[in-house]
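Fold the following.
(2 chains)
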Amino acid sequence: MAIGAGEWLARGRQPGWTLTVVAIPQTEPRDTTPLDALDDRALVAACLAGRLEAFDLVVARHQRTVYQVCYRFVGRHEDAADLSQEVFLRAYRGLKRFRGDASLATWLYRIGVNVCLNKVSARRPPLSSIDEVPHLVGVSSDPASGLIREEQAARVRAAVARLPPRQRATLILRVYRDLSHQEIAAAMGTSVGAVKANFFHALGNLKKLLAVRPR
Amino acid sequence: MTHLSPEQLIDAAEGRGTPTVMAHTGTCEVCRASVDELRETLALAHTDSVPEPSPLFWDHLSARVGAAVRAEAGNHAGRARWIWRWGPVSALAAAVLVVALVVMPRGPRVGAPVAGTGSSFAATESIATEPDEPDTVDDASWLLMSDLSQELTADEAGTALPAGPGTADQALRHLTDAERAALVDIIRDEIAHRSAPGAEPSGE
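Numbers count the residues shown, from 1 in each chain, chains lettered A, B, ... in the order given. Here you go, the predicted structure:
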C-alpha cells in the first residue's frame, strides 16, 4: 500500500513499514492564449503562472500613466523614469498581492504614490521657482496662444511640485488621474475625509503659489 | 451661521454636495466665494499637461523594466534553487542542533564536576583535560537513530533509502513545509520521550 509522506508522518512509525521516496515529475500544461487578447487581471494571472512576457504587456499598457504620475511628483524626466521602473519592479514583486478588487491601474498608482512619497521624503528634488519656469513652446496653430498656454502649464506644474507631498499626491490622483476620493484613500492608506481635507488644502496652497506673478 | 467644512466645500466645488450643502452655498456668501475659488483653482490645475517624452522613450522604459524584472525573476529562481538544494540540509542541521541542545545538558559525562563541588572553571578544566572520546552509549541522538534503524533489515533499508549522495536531500525535498515541520516534531517528541525522567535510559 502506498501512502503519502504526510500520512506516513501522521501515523507514526509502524513495524515493518518502509519509507520509499519516489520523485514525481510535475508538468503543468502551459497556457498559450495570445497575451494581447487578455485583460489586465488575466495578464496578472498569466504572469503568476510563469509567463513573464505577460508582465511586459502590463508595462506597455500602463507605463505612460505611471510615468506621468511620477513626473508630476518629481518634475524631472530622469527621476520620473527611474521611479517608473521602481514602481513596476515593486508591482512585479507584489503581484501575488493584487486581489483584483481595484483596477490594475489603481493598484499601480497606489504603488507609485508610495514610491514617490518615499522618494521625496528621502531627498527633496530640486524644484524650479514658479517665476523661473522655462518657456516651453508647444505645437499649436497659433504660436502666441500656444506659448501662453505652455507657460501657464509650466507655472501650474511648478506650483504642484511645491505642494507638501501628501497634498501633491492627492491632487495628482484626483485632478490628473481622476481617481475617486475612495480610491485615493485606499491608495494612500487614509480616510476619505482626510483625502478631501488634503485636497482642499492642496487647492488653497496651489492658489497662493499661482498668485505670485512673475516680475 | 456655521460655514461648510473643507470636505463639504470640496463636495460642493465638484458638484457632489448634498442638497443641504448646495442650498447653503446659495445663501452663504462666504462659502459660495470659497467654492468659486476652489473651482477656479481646479480649472487652472487642469491646464497643465505632462510634456510628452521622445517616442523612443517608451520602448526604452519597457526594455529597462523588462530587464530589471527578468533579473529579479532570475534572482528569485536562484534563491528558490538554493532553498530547494540547501533547505533540507538546513532542516536536518536544525534538527541535529535541537538534538544536541536537548541532549547536551543531560547525562553527566566522565570527568564532569561532582554536584556541590563543581564550578564552571572545574567543568571547563575537566573537559579540557579529558580526551575527546565519543560516548555513543550516552548519546540520546545515537540511541534514537539506532532504534529507528534496528527495525529495518539490510535489504529493506537498501530498498527504502538507497544509499547514495544526496539521498536524504532528495527525501526531504519532496516533503512539504508542514511535513517537514511534522518530522521535526517527531524527532523532538522522541527526544523528549527519551529525556523524560525514568522513561528511557539517558546515560545516567
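
Just the buried positions in the helix or strand hosting A:Ala158, please.
Using DSSP states H and E, A:Ala158 sits in helix A:143-161. The neighbour-count check on helix A:143-161 (16 or more other CB atoms under 10 Å in any protein chain shown) flags A:149-151, A:153-161 as buried. Backbone N, C-alpha and C define where each C-beta goes, glycine included.

Low-confidence bits of chain A, can you list those?
For chain A, the stretches flagged by pLDDT under 70 are A:1-32, A:121-143, A:212-215.

Chain B too?
For chain B, counting by pLDDT under 70, the residues that fall below are B:1, B:76-172, B:194-204.

follow-up on the earlier one: would you check which of the buried residues of helix A:143-161 are in contact with chain B?
On the criterion CB under 8 Å from any CB of the partner chain, A:149, A:153, A:156-157, A:160 are the entries of the buried residues of helix A:143-161 that sit beside chain B.

end-to-end on stretch A:68-84?
End-to-end span of stretch A:68-84 (CA to CA, to the nearest Å): 9 Å.

Touching it from outside, list them.
A:63, A:66-67, A:87, A:109, A:112-113, A:115-116, A:119-120, A:125-128, A:157-158, A:160-161, A:168-169, A:172-173, A:176-177, B:50-51, B:53, B:57, B:61, B:64-65 (CB atoms under 8 Å, 6 or more residues apart in numbering or on different chains).

got it, and stretch A:199-207?
Residues outside stretch A:199-207 that contact it (CB under 8 Å, 6+ apart): A:156, A:159-160, A:163-164, A:167-168, A:170-171, A:174, A:181, B:6-7, B:9-10, B:13, B:37-38, B:40-42, B:44-45.

switch to 7 Å and redo it
A:159-160, A:163, A:167-168, A:170-171, A:174, B:6, B:9-10, B:37-38, B:41-42, B:45 (CB atoms under 7 Å, 6 or more residues apart in numbering or on different chains).

Centre of the chain to that stretch, how far?
On the basis of CA atoms, centre = their mean, to the nearest Å, stretch A:199-207 sits 23 Å off its chain's mean C-alpha point.

Just the CA trace of it, in CSV.
Extracted C-alpha coordinates of stretch A:199-207, given in CSV (Å, rounded to 0.1, in the frame of the first residue of the first chain):
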residue,chain,number,x,y,z
PHE,A,199,-7.4,68.2,-1.5
PHE,A,200,-9.0,71.3,0.0
HIS,A,201,-5.6,72.5,1.4
ALA,A,202,-3.8,71.5,-1.8
LEU,A,203,-6.1,73.7,-3.9
GLY,A,204,-5.7,76.5,-1.4
ASN,A,205,-1.9,76.3,-1.4
LEU,A,206,-1.9,76.0,-5.2
LYS,A,207,-4.0,79.2,-5.5
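
Chain B versus the closest residue to A:Arg110 other than its chain neighbours, what's the distance?
Once flanking residues are discounted, A:Arg110 sits nearest to A:Ala187: 3.9 Å by CB to CB, 6 or more residues apart in numbering or on different chains. In this view, A:Ala187 and chain B are 17 Å apart by CB to the nearest CB, to the nearest Å.

Tell me the buried residues in the longest helix anywhere in chain A?
In chain A, assigned by DSSP state H, the helix with the most residues is helix A:52-74. Within helix A:52-74, the residues that count as buried by 16+ other CB under 10 Å are A:54-59, A:61-74.

Using neighbour counts, pick out the buried residues of whichever helix or strand comes after that helix.
As assigned by DSSP H and E, the chain's next helix or strand after helix A:52-74 is helix A:77-93. By 16+ other CB under 10 Å, the buried positions in helix A:77-93 come out as A:77, A:79-89, A:91-92.
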